[in-house]
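J.: Just need the structure, nothing else, for what follows:
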Amino acid sequence: MISQFAEGKSNSWDKELQKPALAIRTSVNEPTRETPAFLNLGPDPRLPLDLLIGDTTSGPPGSPNDQKKATKTYRDRLTQDLKYAINRRLSARHLSARQLSDRHL
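T.: Numbering: from 1, shown residues only. Okay, here's the model as predicted:
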């Protein structure tokens, strides 16, 4: 896995090593059904998605309705962010096309 990731990055592979390391540490091991991070450190590391949906590790598990609400909130926020990113990209593309068109006048 690391050799595939490092391919083409012979000068900077060591700076990027944390990305495959995180993937390895947070992948569930089939026989133990746990992640290496959990087996070695206790709690699993907090990932970006955990920060977005809030702390779900403390206290009793939420009701199914709470989980549905958190999932819906995350989905709505993600949809809103994607629409914003798409609109920005389309605006930039439109501006570039207009500038090219104006150059040829």
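
J.: any idea how far the residue sitting nearest the centre point of the chain lies from Asp102?
T.: Using CA atoms, centre = their mean, the residue of the chain that lies closest to the mean C-alpha position is Pro48, 6.1 Å off. To Asp102, Pro48 is 41 Å away according to CB to CB, to the nearest Å. C-beta: built from backbone N, CA, C; applies to glycine.

J.: Ile24 too?
T.: For Ile24, the distance to Asp102 (CB to CB) stands at 51 Å.

J.: So which of the two has more stuff around it?
T.: In terms of neighbours (other CB atoms under 10 Å), Ile24 is the more surrounded of Ile24 and Asp102; the figures are 13 against 8.

J.: which residues of this structure fall in helices?
T.: 2-6, 18-26, 36-41, 48-53, 64-103 (DSSP state H).

J.: least reliable of those helices going by mean pLDDT?
T.: Lowest mean pLDDT within the helices of the chain: helix 2-6, a mean of 66.

J.: so what's Pro45 up against?
T.: Counting by CB atoms under 8 Å, 6 or more residues apart in numbering, Pro45 touches Leu22, Arg25, Thr26, Ala37.

J.: Turn those into a markdown table, including neighbour count and distance to Lys83.
T.: Formatted as a markdown table, the contacts of Pro45 follow (neighbours: other CB atoms under 10 Å; distance: CB to CB, whole Å):
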| residue | neighbour count | distance to Lys83 |
| --- | --- | --- |
| Leu22 | 13 | 29 |
| Arg25 | 17 | 33 |
| Thr26 | 14 | 29 |
| Ala37 | 16 | 34 |
